[in-house]
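S.K.: I would like to see how this sequence folds:
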Amino acid sequence: MRLYCEHRIPTSADDFWEWIHSAEYEARVARALGLTEYRELERCEETGEVYRRLRVAAPLPSAFKPILSRVARVDEAAYVEEQWRIEDELRVRWRMTPEVLADRVRVAGELRLEPAGRGHCKRILEGEISARVFGVGPLLERVAIREVVGAYDVAARVAAELAKERRRAARA
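M.R.: Below you'll find the model as predicted:
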């Protein structure tokens with residue numbers, strides 16, 4: 001099932017790209033989302049590209065509980081996220097591997113930034129969620145898409161707040 005969302009961020013694409021993977025921004029997003037873990041496991045930097053592998057965990061969203069109770073016993077939503085950040089293209093390819101049903105669920109996509117007028121950019125997330133789980137696969141895909149889009153809505157609000165703070169600090 002296709003995953004898509006976009007947000008207008010009140011800062012230039014280049015400025016947002018500078019701090020989108022900063023510890024400050026990531027920590028603020030993690031707090032806003034209620035994550036119980038957001039930890040970098042591996043990082044490899046090569047010319048023009050950064051590879052990261054992260055472990056992410058959060059309380060299991062209530063929407064997943066009735067679906068997953070049919071196929072697995074789990075109390076948290078945990079996954080490993082891999083990112084391939086292409087610096088000069090303002091683009092990140094990513095793949096998420098859930099700790100539960102890893103052999104039957106595939107989540108991957110791309111995030112990119114595009115200029116959107118003076119002092120603004122668009123953050124665009126495109127991807128695919130596929131759950132090959134008998135009887136509940138399509139439902140699991142729809143719920144996962146809703147949860148991912150909701151998380152990106154929260155991250156966009158955090159980005160807007162941080163952009164506003166940075167503009168204020170630059171004027172001071």
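S.K.: so where do the strands sit in this structure?
M.R.: Per DSSP state E, the chain carries strands over the ranges 2-9, 37-46, 49-59, 76-86, 91-98, 105-115, 121-131.
S.K.: adding mean pLDDT, write these out as a markdown table.
M.R.: Listed next are those as a markdown table, based on pLDDT from 0 to 100:
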| stretch | mean pLDDT |
| --- | --- |
| strand 2-9 | 97 |
| strand 37-46 | 95 |
| strand 49-59 | 94 |
| strand 76-86 | 93 |
| strand 91-98 | 96 |
| strand 105-115 | 97 |
| strand 121-131 | 97 |
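S.K.: now render the ones you listed as CSV, adding distance to E147 and mean neighbour count.
M.R.: Backbone N, C-alpha and C define where each C-beta goes, glycine included. Formatted as CSV, the strands of the chain follow (distance: least, CB to CB, whole Å; neighbours: other CB atoms under 10 Å):
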stretch, distance to E147, mean neighbour count
strand 2-9, 10, 16
strand 37-46, 16, 11
strand 49-59, 10, 16
strand 76-86, 8, 17
strand 91-98, 11, 18
strand 105-115, 11, 17
strand 121-131, 10, 19
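S.K.: and the ones you listed: which comes nearest V154?
M.R.: With distances scored as CB to CB, the stretch of these nearest to V154 is strand 2-9 (10.4 Å).
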